[in-house]
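Asker: Fold the following and give me the result.
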Amino acid sequence: MNQDTINRIRTFSEARDWDQFHSPANLAKSIVIEAAELLECFQWDDTEYNLQHVKEELADVLVYCQNLLDRLGLDVNEIVNMKMDQNEKKYPVEKAKGNSVKYDQL
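Answerer: Next up, the predicted model:
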């Protein structure tokens with residue numbers, strides 16, 4: 001996400017004085033709720049879905065994720081790269097390529 005978009009999210013919440021409601025627990029709950037709404041877009045059909053609705057729900061998830069990053073003082077690039085380092089060790093290409101089993105099954 002670019003800095004202009006991040007600033008827009010921050011300004012939106014600040015202007016409405018919503019940061020008072022953005023405890024880490026509340027934000028984590030909101031992420032799960034919005035993720036469930038995203039999943040609902042595919043509830044009855046994996047191939048026929050409303051792309052606009054998917055985009056709206058995915059955006060809601062991302063906005064809450066950015067709010068949680070801010071609340072916890074985390075850098076998205078740092079934590080994603082940390083997790084990718086872990087995933088690359090758990091799922092080496094030579095074992096995981098074309099395989100969907102969990103890392104402890106490889």
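
Asker: Check the secondary structure at Val63 for me.
Answerer: Classification of Val63 using DSSP: H, G, I helix; E, B strand; the rest coil returns helix.

Asker: Spatially nearest residue to it, not counting backbone neighbours?
Answerer: Ile9 (5.5 Å; CB to CB, 6 or more residues apart in numbering). The C-beta positions use only the backbone N, C-alpha and C, and glycine is treated the same way.

Asker: how close does that neighbour sit to Asp19?
Answerer: 11 Å (CB to CB, to the nearest Å).

Asker: neighbour count winner among those two?
Answerer: Legend: neighbour count by other CB atoms under 10 Å for Ile9 and Asp19, higher for Ile9 (19 against 13).

Asker: so where does that one fall, helix or strand?
Answerer: helix 3-15 (DSSP states H and E).

Asker: mind listing what Leu27 touches?
Answerer: Listed by CB atoms under 8 Å, 6 or more residues apart in numbering, the contact set of Leu27 reads 64, 67-68, 71.

Asker: Filter these down to the buried ones and hand me the PyMOL line.
Answerer: In PyMOL syntax, the buried subset of those is picked out as below (16 or more other CB atoms under 10 Å):
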select buried, resi 64+67+68
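
Asker: Please consider this matter closed, and thank you.
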